[in-house]
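> pasting the structure only:
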């Protein structure tokens, strides 16, 4: 993320991105809501990455340098908000739960972003009201600043199915399990099992967006069975891996 575009106004629009497509590193002077009604969107900043399927949206505060990547064919909805308007009171990126109602409001609002009609203003007001009740979700995969943790992170991202103990991984990078555990707690506020699960869930979302079968995703991400993976996924996201909201067919007309 070396070259950073600066666009003062955060756009409000709907756009399509092919799987693997990217929006390069940039920042706005305004807040932005990023939502994919189809596919899975990944947002990366200097402090970590966020991945959101179609039941989640991303909150990007004003001034945050970020880039997007599409996993699966992406129907992307962007909502820009003035820096003075922060219905969530959040000063850091976050993942938000998207109810069926909020989903339809975002899709409808971004379909005709230049409208200045009273119905469009009312639509915006209801959308912002719904946002204030959207709980944040623990889907942030923080980027470690500690050199040892960065090395460990590289191992897990290369092979999320690596089931070696922290002792065994520590021997590979020259650190004890106790040292790694302490640094994980101090640097990221997570235990090793919590962090590894976050890495695996992020990878699982990407594989699912690319159409990988659930059983294959479970094994490639290190779960012992598809049923175990489904249980973890349901507890985290509130639905099973196969329960995806249907894409809005009208987006092709945007």
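Received it, and whenever you're ready, just let me know what you need. Treat the numbers as computed from the prediction; the structure is a model and nothing was measured. Residues are numbered from 1 along each chain as shown.
> would you map the helices across the stretch 1-150 of the chain?
Ranges of helices in the stretch 1-150 of the chain, per DSSP state H, counting those that start in this stretch, are 100-111, 118-131, 147-158.
> show me what the longest one packs onto, helices and strands only.
Identification of packing neighbours for helix 118-131 by 3 or more CB pairs under 8 Å, 6 or more residues apart in numbering; DSSP states H and E yields helix 100-111. Quick note: C-beta positions are derived from backbone N, CA and C, even for glycine.
> the helix it packs on packs against which elements?
Looks like helix 100-111 contacts strand 13-17, strand 31-45, strand 66-81, helix 118-131 (3+ CB pairs under 8 Å, 6+ apart).
> okay, buried residues for it please.
By neighbour count on 16 or more other CB atoms under 10 Å, the buried set for helix 100-111 is 102-111.
> just give me the closest of those to residue 217.
residue 103 (23.7 Å; CB to CB).
> what does the helix or strand hosting residue 233 rub up against?
Assigned by DSSP states H and E, residue 233 falls within helix 226-237. Helix 226-237 has contacts (CB atoms under 8 Å, 6 or more residues apart in numbering) with 53, 55-56, 137-139, 197, 201, 204, 214-215, 217-218, 221, 223, 240-241.
> can you pull out the low-pLDDT segments for this protein?
1-2, 137-140, 243-254 (pLDDT under 70).
> domain assignment for it?
5-137, 144-237 (automatic domain parsing).
> now the first one, how far from the centre of its chain.
In terms of CA atoms, centre = their mean, to the nearest Å, the centre of domain 5-137 is set 11 Å apart from its chain centre.
> over to the shortest one?
Domain 144-237 has its C-alpha centroid displaced from the chain centroid by 16 Å (CA atoms, centre = their mean).
> need the contact list for residue 183.
146, 148-149.
> helix, strand or coil for it?
Classification of residue 183 using DSSP: H, G, I helix; E, B strand; the rest coil returns helix.
> please tell me how far it sits from residue 149.
Note on residue 183: its distance to residue 149, by CB to CB, to the nearest Å, is 6 Å.
> what do you get for residue 3?
Taken as CB to CB, the span from residue 3 to residue 149 is 27 Å.
> next, count neighbours for the residue nearest to residue 28 when sequence neighbours are not counted.
Nearest residue to residue 28, sequence neighbours excluded (CB to CB, 6 or more residues apart in numbering): residue 10, at 3.9 Å. For residue 10, the neighbour count with other CB atoms under 10 Å is 22.
> before we move on, what about residue 71?
22.
> check residue 220 too.
16.
> isn't it up against residue 200?
No: in this structure, residue 220 is not within contact of residue 200 by CB atoms under 8 Å, at 9.3 Å.
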